[in-house]
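Enquirer: Sequence and predicted structure, then a few things I'm wondering about:
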Amino acid sequence: MVIVRVPSSNIHVRMTSSPSDTASPSHPEPSEPVGPRSVEERFRALVSSVKDYAIFMLDPSGNIETWNAGAERTKGYQAEEIIGQHMSRFYTPEDLARGLPGKLLAEALREGRVESEGWRVRKDGTRFWADVVITALVDERGVLMGFAKVTRDLTERLRAQEEQLRLAHAEEAVRLRDEFLSIAAHELRTPLSAVQLQLQSLLEQANGLDPRIRSKVERACRGGERLVTLVDTLMDVSRITSGSFNLRLSQFDLTAAVLEVVDRFREHALRASSVVTVRSEGVLEGRWDRLRIEQVVTNLLVNALKYAAGTPVDFVLSGSESEVTLTMSDGGPGIPESDWDRIFRRFERAASMRSFGGLGLGLYVARQIVEAHGGDIRLLRPQPKGAHFMIRLPRSPPDGAAR
Amino acid sequence: MSHTVLVVEDDLDIRQALIDILEDHGFTAVGAPDGAHAMQFLLGAPELPCVILLDLMMPVMDGAAFRQAQRSDPRLAAIPVVVLSAYRDVDRHADGLDAVSILRKPPSVRELVNVLRTHC
């Protein structure tokens, strides 16, 4: 629908009062092509039907003269209720207070056109982000006939941009936090390293230490080792819980990785009087995050050496085309079935806090890592006793597991 | 071949502990608090060390910058470098440095000595 108030004289952009008025005196150039409908008519129909843009005309003082489907859709007014009203109706109280409508019209008059973006108000009071172009319409003698106003609702685009910005900020915050954690872990580890090295060098004394002093130094050394591990665990948990836990995948042999961890814990196993064995089909390659997978093996092994000290610990590895399986069994007290679910949660453990130290995070971290690789970790029924863990790892993690 | 190990490490306590340990195990050890001092030492040294034990995070000239400087000097480029860092993902930080070995702090003395022995 087009409702038009026609200015009295000839204008460059011509609109007539209604499609049936084509022969009225306000249409002084009947030289338009003949046919079922004139170009002007078709143009008017086009403007009228455009839904994505509010296209309407203002008289020289800014009162609304025409209205199209897009204007109705964007601003919520029917033609009947808005024609004759001043365009300032669409502006926010803040913009009205600074006289924005008048300023825009003045600039359009001075420069020929003005473009602006800002919040505008719909009939129902809600706001939308508008891209507005106001063009001054002058006749051949340079007399202002009014203004053409084209408004586009860019709220969605603005929201998308804001969302993008918000995401970028969030990613940046995560990056900064990770960087902070990395540096914090490094800084905590540095003095611990100094302590560890000094203690180790004391233990290395060729002349031999007084046995009582030696055992004290050894205990200090173990305390240091535990602190070092705790720092790592805390940093990992912080990353896991904040969701910024990215895998760095590389192709490697799981058997070699397990052997390496076991070798690293040789002295630890000796102290725990446990014999650790690794049985494997051979090379079991896959794409995983080596550091993380070694950590899973470490956490299982540390638990076994802690809770099942004095019993043998066995790792068994096997593989199929698509996945590898790693089981670890010890001969310790085992874990009651009622606790199977609980022990993989944060700060949980099956044993009492008093008799065993630690944060209760090892299995939680292990499960998060295994699941991030698209695998699973579970307990198997004791056979005949002890704890039996089974880890299943696809040879390459599902898409999106690594960044 | 010389038995001198150049220990490039900014933390004085760690540097001294490493030097002590290495000397206890029959090496000659020289310390440098950062990459720049290490380069200075290497450029003036009549006899080059058999291996460089290199920390990564250091002031003035860090491990990566030192390695770049060292590799661009034909006289020094061939000296093997063992990276020793407190970084959690030390492998990633040492990526591209072409180190003969990568150790994480604190290393076990056994591991450290074994690695260095293969080069001295």
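Expert: Nice, thanks for sending it over. Numbering: from 1, shown residues only, chains lettered A, B, ... in the order given.
Enquirer: helix, strand or coil for the residue of the stretch 201-350 of chain A found nearest chain B?
Expert: Nearest to chain B in the stretch 201-350 of chain A, going by C-beta to the nearest C-beta, is residue A:201, at a distance of 4.7 Å. Every residue, glycine included, has its C-beta placed from N, CA and C. With DSSP: H, G, I helix; E, B strand; the rest coil as the basis, residue A:201 sits in helix.
Enquirer: and the gap between residue A:257 and residue B:82?
Expert: 21 Å (C-beta to C-beta, to the nearest Å).
Enquirer: mind listing what the residue of the stretch 201-350 of chain A closest to chain B touches?
Expert: Contact partners of residue A:201, counting by C-beta atoms under 8 Å, 6 or more residues apart in numbering or on different chains, are B:17, B:20, B:21, B:24, B:109.
Enquirer: Excluding covalently adjacent residues, which one is nearest to it?
Expert: Using C-beta to C-beta, 6 or more residues apart in numbering or on different chains and skipping residues adjacent in sequence, the residue nearest residue A:201 is residue B:21, 4.7 Å away.
Enquirer: Can you verify the one you found is assigned to a helix?
Expert: Yes: the assignment for residue B:21 (three-state DSSP) places it in a helix.
Enquirer: On the pLDDT front, check it for me.
Expert: What the model reports as pLDDT for residue B:21 is 89.
Enquirer: Give the buried residues for the strand or helix carrying residue A:223.
Expert: With secondary structure defined by DSSP states H and E, residue A:223 is part of helix A:211-241. Buried residues in helix A:211-241, defined by neighbour count with 16 or more other C-beta atoms under 10 Å in any protein chain shown: A:217, A:220-221, A:224-225, A:227-240.
Enquirer: now swap in stretch A:116-123 and tell me
Expert: A:120, A:121.
Enquirer: Residues in contact with it: which ones?
Expert: So stretch A:116-123 is contacted by A:74-77, A:89-92, A:95, A:100, A:104, A:127-132, A:151, A:154 (C-beta under 8 Å, 6+ apart).
Enquirer: Helix, strand or coil: sort out residue A:151 for me.
Expert: Strictly by three-state DSSP, residue A:151 counts as strand.
Enquirer: most centrally placed residue in chain B?
Expert: residue B:53 (1.7 Å; C-alpha atoms, centre = their mean).
Enquirer: helix/strand/coil for that residue?
Expert: Strictly by three-state DSSP, residue B:53 counts as strand.
Enquirer: who does it bridge with?
Expert: Beta-bridge partners recorded for residue B:53 (DSSP bridges): residue B:7, residue B:82.
Enquirer: Which residues are in contact with it?
Expert: By C-beta under 8 Å, 6+ apart, the neighbours of residue B:53 are B:5, B:6, B:7, B:8, B:9, B:18, B:82, B:84, B:116.
Enquirer: again with residue B:64
Expert: With contact taken as C-beta under 8 Å, 6+ apart, residue B:64 is in contact with B:56, B:96, B:97.
Enquirer: Next one: it from chain A, what distance?
Expert: 15 Å (C-beta to the nearest C-beta, to the nearest Å).
Enquirer: How about the strand or helix carrying that residue, which residues are buried there?
Expert: Assigned by DSSP H and E, residue B:64 falls within helix B:63-71. Buried residues in helix B:63-71, counted by 16+ other C-beta under 10 Å: B:63, B:64, B:66, B:67, B:69, B:70.
Enquirer: Buried among the contacts of residue A:201? Make that a ChimeraX selection.
Expert: This is the ChimeraX syntax for the buried subset of these, where burial follows 16+ other C-beta under 10 Å:
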select /B:17,20,21,109
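Enquirer: my read: residue A:302 touches residue A:362, true?
Expert: Yes: in this structure, residue A:302 is within contact of residue A:362 by C-beta atoms under 8 Å, at 6.4 Å.
Enquirer: who has more neighbours, the two?
Expert: Shown here are residue A:302 and residue A:362; by other C-beta atoms under 10 Å in any protein chain shown, residue A:362 has more neighbours (23 against 18).
Enquirer: Excluding chain neighbours, give the residue nearest to the more buried one in space.
Expert: Residue A:362 sits nearest to residue A:299 (C-beta to C-beta, 6+ apart), 3.9 Å away.
Enquirer: Can you verify that neighbour is assigned to a helix?
Expert: Yes: per three-state DSSP, residue A:299 lies within a helix segment.
Enquirer: per-residue confidence for it?
Expert: At residue A:299, pLDDT is 89.
Enquirer: Give me the helices and strands touching the helix or strand of chain A with the lowest mean pLDDT, please.
Expert: Lowest on mean pLDDT, DSSP states H and E among the helices and strands of chain A sits helix A:211-241, with a mean of 79. With contacts defined as 3 or more C-beta pairs under 8 Å, 6 or more residues apart in numbering or on different chains; DSSP states H and E, helix A:211-241 has these neighbours: helix A:155-203, helix A:290-307, helix A:362-372.
Enquirer: Many thanks, I have nothing further to ask.
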